[in-house]
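> no sequence for this one, just the structure:
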Ligand code: FRU
């Protein structure tokens, strides 16, 4: 067929179906009936696998009631296109094969006439199809960080390591790239780098949306769902928040909701149950965020189904300027000692050190019922942060990680602007997985250390540049950064400076977009300035400088930087600092320049690694 006749054929198909077709599989397959200014029916008249919903990213939400053979099957919210279609999301029709499916759509926007309502772009763009195109269309989608295949993602949920597989569920909206319809999306990985996407695990039901929670392996069959069943606790969220249970007997791929749900109800907002097996006391322990009370509730259970409140932690302690969410509690050895300490993780929003969301933690002791936080020399309980960037939230750990590891992952965004970041097909990635440890600093205090999981070393695909020792002065020395794979790279270096000096590292592109890192040996801090990092104007809260204590006191700081299209994560080599910030440069940073504020400093063991995900 000639090119011209192909175009003519396409035009004919488009005219016949009355819609713009983007794949050959798409066909009209629906009829539209306008019932009023805010009520429209879509009848599906085709045995296709998917109905594709036309979405306008900033549109207003409509309620979509899915009616199957006359019965209400499910309801969800969708920002159906009014003036333009930004993307389409699939509604899976396969469970209803052979049945009559009707969408009863209620729009909540003011339309004065039916005619006006009929003009909405969505009605001519509903199509059915047997495939759904998930090819990446986003230049900012990270290459080696976990992202959802499409749609909105926030907190990591129900993370459990089972049969050699890292399961990662997450707060997911399957029907758009803004927060709504919370469902547990599900991905798995064998190496924490390559992620495979699976069908949703737990979907909204009569008790509400599925908010955050955790999963454990019930090795002793204490709940009676079978030995090694994976048991998940999550928050059912509607008018109120309740805790519910679901279990999986196929290794975490499909879940059955427990008929006795909800298993915990309280008269106040409480969410994000996080549980673990407490070997010392032969019981299950669960933490629940008593969000508005800004405290964590600690429960015990013999069987994962009946829970007794044991204690409360946090009233008036630590950062209190936001709601307390997504708790975690685990024990870790203190580096270089025989000692062990407990870490209570408390995500807070807003109230983070640089505005918006952040992860604080407390170190102390736990006896199975009560957590007691350590105090500093003045008898106060200090506020400590797991990561000193703006884009690290809802961080919790994997249950049952191998070799005693405490592996954590966080949502790499901030509630201040997460819904506005310049992506469409998907919104938000997770941080790199990290290994937690505890170290004791010169002030006698214990702190969490956070290093990239060892699996990240497999990303290295050759050294792009290295130098054993480089002397730097006030005039900047520059080094080129890798350009392959959109400039994704890891940079490692040991800075050796004198007290009173500042060492500045600038990552920049040809458009003069840049990120400036400054190591200040006087204050023992590292700062990260992204005010001119690229696209920053989608939120007034995005351009910012974040700053971390280095926990290094002799002018020597060893850094590892991970760059992945729209994120930069900075770690001190031993994990004494972690800093995660999003950046949206119009083109990748191509140059790194280093200089001092005065005198000479050294950059030793500089290595810039190409990274590859193959
Ligand atoms: C934290 C959070 C949780 C809640 C979930 C809802 O980001 O607010 O407390 O369960 O998101 O998506």
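Happy to help now that I have it. These figures come from a predicted structure and were not determined experimentally.

> who in the protein is up against the ligand?
Residues of the chain found near the ligand (Cβ under 6 Å from any ligand atom) are 154-155, 171, 182, 211-212, 235, 271-272, 325-326, 394. (Each C-beta comes from the backbone N, C-alpha and C, glycine too.)

> could those residues go into CSV alongside secondary structure, pLDDT and neighbour count?
Formatted as CSV, the residues of the chain next to the ligand follow (DSSP: H, G, I helix; E, B strand; the rest coil; pLDDT from 0 to 100; neighbours: other Cβ atoms under 10 Å):
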residue, secondary structure, pLDDT, neighbour count
154, strand, 98, 25
155, strand, 98, 25
171, strand, 99, 25
182, coil, 98, 26
211, strand, 98, 24
212, strand, 99, 30
235, strand, 98, 28
271, strand, 98, 23
272, strand, 98, 28
325, strand, 98, 22
326, strand, 98, 31
394, strand, 98, 26
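
> Any chance of JSON lines for these, columns distance to residue 285?
Listed next are the residues of the chain next to the ligand as JSON lines, based on distance: Cβ to Cβ, whole Å:
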{"residue": "154", "distance to residue 285": "25"}
{"residue": "155", "distance to residue 285": "20"}
{"residue": "171", "distance to residue 285": "23"}
{"residue": "182", "distance to residue 285": "25"}
{"residue": "211", "distance to residue 285": "20"}
{"residue": "212", "distance to residue 285": "17"}
{"residue": "235", "distance to residue 285": "17"}
{"residue": "271", "distance to residue 285": "17"}
{"residue": "272", "distance to residue 285": "15"}
{"residue": "325", "distance to residue 285": "18"}
{"residue": "326", "distance to residue 285": "16"}
{"residue": "394", "distance to residue 285": "20"}
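
> Which of the residues you listed sits closest to residue 228?
Closest approach to residue 228 among these (Cβ to Cβ): residue 212, at 23.6 Å.

> Please name the residues that touch the closest one.
155, 157, 171, 234-235, 271-272, 325-326, 394 (Cβ atoms under 8 Å, 6 or more residues apart in numbering).

> rerun at 10 Å
Counting by Cβ atoms under 10 Å, 6 or more residues apart in numbering, residue 212 touches 154-158, 169-171, 182, 184, 233-235, 237, 271-274, 289, 325-327, 347, 394, 396, 411.

> and if you look at residue 567?
Applying Cβ under 10 Å, 6+ apart, the residues near residue 567 are 140, 142, 145, 389, 391, 412-413, 429, 431-432, 580-584.

> Mind doing that once more with 7 Å?
142, 145, 412, 429, 580, 582-583 (Cβ atoms under 7 Å, 6 or more residues apart in numbering).

> quick one: which of these is nearest the ligand?
The shortest gap between the ligand and any of the contacts of residue 567 belongs to residue 412, at 12.4 Å (Cβ to the nearest ligand atom).

> Show me what secondary structure element comes after the one helix or strand in the chain whose mean pLDDT sits lowest.
The weakest-scoring helix or strand in the chain, judged by mean pLDDT, DSSP states H and E, is helix 3-17 (a mean of 39). Next along the chain after helix 3-17, taking DSSP states H and E as the criterion, comes strand 30-36.

> Check which residues of that following strand are buried.
30, 32 (16 or more other Cβ atoms under 10 Å).

> now for that strand, which elements pack on it?
strand 39-44, helix 114-118 (3 or more Cβ pairs under 7 Å, 6 or more residues apart in numbering; DSSP states H and E).

> and if we set it to 10 Å?
Applying 3 or more Cβ pairs under 10 Å, 6 or more residues apart in numbering; DSSP states H and E, one finds that strand 30-36 makes contact with strand 39-44, strand 101-107, helix 114-118, helix 121-125.

> That strand to strand 39-44, inter-axis angle?
Using axes from the mean of the first three to the mean of the last three Cα atoms, to 10 degrees, one finds that strand 30-36 and strand 39-44 are set 160 degrees apart in direction.

> Name the strands paired with strand 30-36 and say parallel or antiparallel.
Strands flanking strand 30-36 in the sheet, each with its direction: strand 39-44 (antiparallel) (DSSP bridges).

> Packing partners of the next helix or strand after the partner strand?
The helix or strand immediately downstream of strand 39-44 is strand 50-55, counting by DSSP H and E. Secondary-structure packing of strand 50-55 (3+ Cβ pairs under 10 Å, 6+ apart): strand 39-44, strand 62-68, strand 71-78, strand 87-92, strand 101-107, helix 121-125, strand 127-129.

> pLDDT on the last one, on average?
Confidence for strand 127-129, expressed as mean pLDDT, is 97.

> Residue 451 contacts residue 562, correct?
No - in this structure, residue 451 is not within contact of residue 562 by Cβ atoms under 10 Å, at 11.4 Å.
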